[in-house]
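J.: sequence first, then the predicted structure, then my questions.
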Amino acid sequence: MIKSMTGFASLTRDSEAVSVTVTARSVNHRYLDLQVHLPPRLQRLEPRVRGQVQRRLARGRVEIRIAARLRTAPDVDVDVDEGLLAALVEVARRPDVAQATRGEWTVGELLGFPRVLTVAERAAEPEGDALVDAAVAEAVGEALGELDRMRVNEGGHLHADLDGRLVALVALVDRIEACAAEAADALGQRLTARLAEVGAEVHADRTALAQEIVRFVARSDIHEEVIRLRAHVSHWRSLADGTEACGRKLDFLLQEMNREVNTIGSKADGQQTSGLVVAAKAELEKLREQTQNVE
């Protein structure tokens, strides 16, 4: 299936426990490069979020940002370091300190002293965590669905463009095959005519010479390369029309197609054939550039 690696989605979903905002964006990458950003309270959910993404996307640099706001303020525990507080009070009563400060410390000043007061969120009940986790998972799933739909929609445009270039490539291959056949026939005729011209001067087995001409012409035969190239095109179309991500497989097929075209260029005879081979290489390069966007 032709699916783009570029997409964006952003949404906010509210539940009885939490309000969740998820932003998902993806761009091209050779593999799946995933970055998940979660608030400290929800760091435990990173493996779960990664699993959700990996089940939906095969390639691309993907960034998921999640923000969450609890519907109710969490309970907090307040702890006072009584030993440190008593020591501070004792210091404040010393004559030299009292004289230097021109008065006693207030309660607020004492509690504001580093390490005297510690405030921490109380661990949520398991039921509350389960509600938050479910809300986050649902919001991430919806965001990934929107992201995927955008990638599929853009993939449709890529499919149309790639298919048009593939049709152009096949047309060039057909012309190369026809021109190569004509060039091979012309080469055979030239060699036969030349042999007839010098036949009186050459004292050799004419049958052996004729066989050598056939072998020489056969070295420029591109039938096998053309058959393999058409097989690659057929495989490309089956992948593009399938249901699975196919970008990496298309990359491989393009390498094989380019190899066959290079071989054709080295074997085929004739100036016109050479020009068509150059055009085919240019079309393959356009296919390669566009395939870099396919998941």
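T.: That came through, no problem.
J.: C-alpha from now on. contacts and neighbour counts both.
T.: Noted.
J.: okay, and the beta partners of the spatially most central residue of the chain?
T.: Averaging the C-alpha coordinates of the chain gives a centre point, and the residue nearest to it by Cα atoms, centre = their mean is residue 60 (2.5 Å). With DSSP bridges as the criterion, the beta-bridge partners of residue 60 are residue 32.
J.: test my guess that it contacts residue 31.
T.: Yes - with contact defined as Cα atoms under 8 Å, residue 60 counts as touching residue 31 (6.0 Å).
J.: which parts of the stretch 51-200 of the chain are strands?
T.: Using DSSP state E, counting those that start in this stretch, the strands of the stretch 51-200 of the chain run over residues 60-70, 76-80, 117-121.
J.: nearest to residue 266, out of the ones you listed?
T.: Residue 266 lies closest, by Cα to Cα, to one member of those: strand 60-70, at 36.9 Å.
J.: buried stuff in that closest one?
T.: If you call a residue buried by 16 or more other Cα atoms under 10 Å, then strand 60-70 has these buried ones: 60-66, 68.
J.: against which helices or strands is the lengthiest helix in the chain packed?
T.: Taking DSSP state H as the criterion, the chain has its longest helix at helix 126-197. For helix 126-197, the contact count by 3 or more Cα pairs under 8 Å, 6 or more residues apart in numbering; DSSP states H and E identifies strand 7-14, strand 18-27, helix 46-56, helix 206-218, helix 223-240, helix 271-291 as packing neighbours.
J.: which of those is buried the deepest?
T.: Between these, the one whose residues have the most neighbours on average, counting mean count of other Cα atoms under 10 Å, is strand 18-27 (a mean of 20).
J.: that one packs against which elements?
T.: Contact analysis of strand 18-27 by 3+ Cα pairs under 8 Å, 6+ apart lists strand 7-14, strand 60-70, helix 126-197 as its packing neighbours.
J.: now these in JSON lines, with distance to residue 23?
T.: Compiled in JSON lines, these are given as follows (distance: least, Cα to Cα, whole Å):
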{"stretch": "strand 7-14", "distance to residue 23": "4"}
{"stretch": "strand 60-70", "distance to residue 23": "5"}
{"stretch": "helix 126-197", "distance to residue 23": "7"}
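J.: wait, which of the ones you listed is closest to residue 51?
T.: Among the helices and strands packed on strand 18-27, the nearest to residue 51 by Cα to Cα is helix 126-197 (10.5 Å).
J.: wasn't residue 221 part of a helix?
T.: No - if the criterion is DSSP: H, G, I helix; E, B strand; the rest coil, then residue 221 is coil and not within a helix.
J.: that one reaches residue 268, doesn't it?
T.: Yes - using Cα under 8 Å, residue 221 is in contact with residue 268, at 6.8 Å.
J.: burial count for the closest residue to residue 115 other than its chain neighbours?
T.: Nearest non-adjacent residue to residue 115, counting by Cα to Cα, 6 or more residues apart in numbering: residue 81, 7.2 Å away. Residues contacting residue 81 under the criterion other Cα atoms under 10 Å number 12.
J.: which sections of the stretch 1-150 of the chain are below the confidence cut-off?
T.: Within the stretch 1-150 of the chain, the set of residues satisfying pLDDT under 70 comprises 72-75, 92, 96-105, 107, 110-111, 120-128.
J.: kindly recompute the last result at 50.
T.: The stretch 1-150 of the chain contains no residues with pLDDT under 50.
J.: count of neighbours near the nearest residue to residue 267 once chain neighbours are set aside?
T.: With Cα to Cα, 6+ apart as the measure, residue 220 is the residue that lies nearest to residue 267, at 4.6 Å, once sequence neighbours are left out. Burial measure for residue 220: 19 neighbouring residues, criterion other Cα under 10 Å.
J.: domain assignment for this structure?
T.: 7-73+125-152, 76-121, 154-291 (automatic domain parsing).
J.: endpoints of the first one, how far apart?
T.: Okay, so that is domain 7-73+125-152. Distance across domain 7-73+125-152, first residue to last, is 9 Å (Cα to Cα, to the nearest Å).
J.: surely the residue nearest to residue 267 and residue 273 touch.
T.: No - no contact is recorded between residue 220 and residue 273 when judged using Cα under 8 Å, the distance being 11.6 Å.
J.: to residue 248, which of the helices and strands packed on strand 18-27 lies closest?
T.: Taking Cα to Cα, strand 60-70 is the member of these nearest to residue 248, at 11.5 Å.
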